[in-house]
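> 3D model of this:
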Amino acid sequence: MPMNAVYRGPGDLPEVIPVFPLPGALLLPRGQMPLNIFEPRYLAMIDDALRSGQRLIGMIQPDVAHPGSEDKPNLYKIGCVGRITQLAETGDGRYLLQLTGIARFRVEEEVAGLTPYRECRVTFAPFADDFAARKGEDEVDRKALLHALTDFLTANNLKADWEGIENAPNEALVNALAMMSPYGTAEKQAMLEAPDLKTRAEILVAITEIELAKKNTEGETPLQ
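Coordinates of the predicted model:
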């Protein structure tokens, strides 16, 4: 989805952003993520993001290897910031919104403040390539990606919009499949931290092949 705001590089984004820790949630540059916001602290986060005019939310996963406390879990160091590009009020106190991914970030430190939600000082410098749309997509092995997708859909008796898939550019296809994939937190984090689009596609294919192999040897449907 096109955004009214234009972000040309790391310097166009703030150093401190609100973060939304959510396991299994993978946001990638130019990807769209729907969210159903109902907790009071995150409703306040959305209100503040809109009030500031920046409309930015950093999506990040809790670190499953080092969980920390239940009320304040430790976070992975890498997340992705998104801009609120759609917002609807439900009438029962919730927000339904859509984030459009801008760029990944690395957490430098958590900022102690008065907000009920968490904020972090971040750097976008390691991910300057995220600001260039479709960068590196010619290196993606599209055939291998579609083969793995076909096998996964067949194994799980699922259907797909093949016309849409065939017409999608490589970047949109890889990132959409990664974001909607049913894999775990660690697998999603690996795809997020991939250095380039080619590697992200390779990780997605490898994880899919591993899950299909498990199903074939164990006779179980993966990820149910």
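
> List the contacts of stretch 160-174.
Counting by Cβ atoms under 8 Å, 6 or more residues apart in numbering, stretch 160-174 makes contact with 30, 133-135, 137-138, 140, 142, 145-146, 149, 153, 176, 197, 200-201, 204, all of which sit outside it. C-beta here means a position set from N, CA and C on the backbone, and glycine is covered the same way.

> Repeat that for stretch 112-131.
With Cβ under 8 Å, 6+ apart as the test, stretch 112-131 has contacts from 7-10, 13, 15-21, 29, 40-42, 44-45, 48, 58, 60, 72, 75, 79, 81, 102-111, 135-136, 196.

> Which members of those residues are classed as buried?
With burial judged by 16 or more other Cβ atoms under 10 Å, the buried subset of the contacts of stretch 112-131 is 7, 10, 13, 17-21, 29, 42, 45, 58, 60, 75, 79, 81, 102-107, 111, 136.

> Show me the residues you listed that map onto strands.
Per DSSP state E, strands hold the following members of the buried ones among the contacts of stretch 112-131: 17-21, 58, 60, 79, 81, 102-107, 111.

> before we move on, which element is the closest residue to C80 other than its chain neighbours in?
With Cβ to Cβ, 6 or more residues apart in numbering as the measure, L27 is the residue that lies nearest to C80, at 4.3 Å, once sequence neighbours are left out. L27 is part of no helix or strand, with elements assigned from DSSP states H and E.

> One more: A88?
Short version: A88 belongs to strand 78-89, going by DSSP H and E.

> Low-confidence regions, this protein specifically.
By pLDDT under 70, the low-scoring segments of the chain are 1-2, 219-224.
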